[in-house]
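Enquirer: next comes the sequence, and after it the predicted model I'd like to discuss.
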Amino acid sequence: MKNLNNVLPTKLSHKHKHSIFGILVIAFTLGISACSKTTLDDYRDTTPQLDLRTFFEGSLMAYGLLQDRSGKVTRRFEATIEASWEGEQGTLVEHFIYDDGEEQDRIWQLTHQGNGRYSGVAGDVIGTANGEISGAAFNWVYSLEVPYGDGTIVVNLDDWLFLVDEDHIINRTVLRKFGFRVGELSLVIEKV
């Protein structure tokens, strides 16, 4: 790396040069972390091979928690899922019960588009969720309208499912607003 004294204008104080150096280090670090983002291709050779139509069939249970951006657990929940498929069309009926007694329902309408690609719609999903399977992993991204205060906000989800065995999936989701991480969702889904 070049000496900063040779790169920065001579009229900057030592304090300003130090601040600019700090900004450059942060930018470099963010650049590296952006380049090292996990992709579906990283899971191409993992087993067992996930098939959403096989796993999400019949009755399932889910146990999860929601964390805020600092990592603090803000909610815990259990959910029942009733899943069925007719050809390439699937329905997931989810019923959530939160630790504070609140209950919530979501009905997903899924479409298998071939080659491990799926799309889905639900009442609180903005537009269409789109995703793809690679090996034991499934990743899809979508926007979700969630309760906030007296109204709602829209958050963007980067949703990953990992098949552990024929009866268990671990689901990890990052929630973002304006590009910033605002929370994480973690859950285990098991066949009943």
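Expert: On my side now, so go ahead.
Enquirer: residue 167: neighbouring residues, count only.
Expert: 12 (other CB atoms under 10 Å). For every residue, glycine as well, the C-beta is placed using N, CA and C.
Enquirer: so for it, what's the nearest residue that isn't a sequence neighbour?
Expert: Nearest non-adjacent residue to residue 167, counting by CB to CB, 6 or more residues apart in numbering: residue 191, 4.5 Å away.
Enquirer: so who does the one you found touch?
Expert: With contact set as CB atoms under 8 Å, 6 or more residues apart in numbering, residue 191 has these partners: 55, 58, 59, 60, 166, 167, 168.
Enquirer: also residue 130?
Expert: Contacts of residue 130 (CB under 8 Å, 6+ apart): 117, 118, 119, 140, 141, 142.
Enquirer: what's the distance between the helix or strand containing it and the middle of its chain?
Expert: Assigning secondary structure by DSSP states H and E places residue 130 in strand 125-134. Offset of strand 125-134 from its chain centre (CA atoms, centre = their mean, to the nearest Å): 11 Å.
Enquirer: pull out the buried residues from it.
Expert: Going by neighbour count (16 or more other CB atoms under 10 Å), the buried part of strand 125-134 is 125, 129, 131, 133, 134.
Enquirer: domains for this protein, by residue range?
Expert: Recorded structural domains for the chain (assignment: automatic domain parsing) are 4-35, 42-191.
Enquirer: so how far is residue 126 from the closest residue in space to residue 152 that isn't next to it in sequence?
Expert: Excluding the flanking residues, the one nearest residue 152 by CB to CB, 6+ apart is residue 145, at 4.9 Å. Per CB to CB, to the nearest Å, residue 145 is found 6 Å from residue 126.
Enquirer: and for the two, which residues touch both?
Expert: Joint contacts of residue 145 and residue 126 (CB under 8 Å, 6+ apart) are residue 154.
Enquirer: which residues does residue 174 bridge with?
Expert: Beta bridges link residue 174 to residue 158, residue 184 when assigned by DSSP bridges.
Enquirer: re the thing from before, what mean pLDDT does the strand holding residue 130 get?
Expert: Averaged over strand 125-134, pLDDT sits at 97.
Enquirer: what's the neighbour count on residue 123?
Expert: Neighbour tally, residue 123, other CB under 10 Å: 10.
Enquirer: SS state for it?
Expert: Applying DSSP: H, G, I helix; E, B strand; the rest coil to residue 123 yields a three-state assignment of coil.
Enquirer: where do the helices sit along this protein?
Expert: For the chain, applying DSSP state H gives helices covering 4-7, 14-35, 52-55.
Enquirer: least confident of the ones you listed, on average?
Expert: Among those, helix 4-7 scores lowest, at a mean of 39.
Enquirer: rewinding a little: which of the contacts of residue 191 are buried?
Expert: Buried, going by 16+ other CB under 10 Å: 55, 60, out of these.
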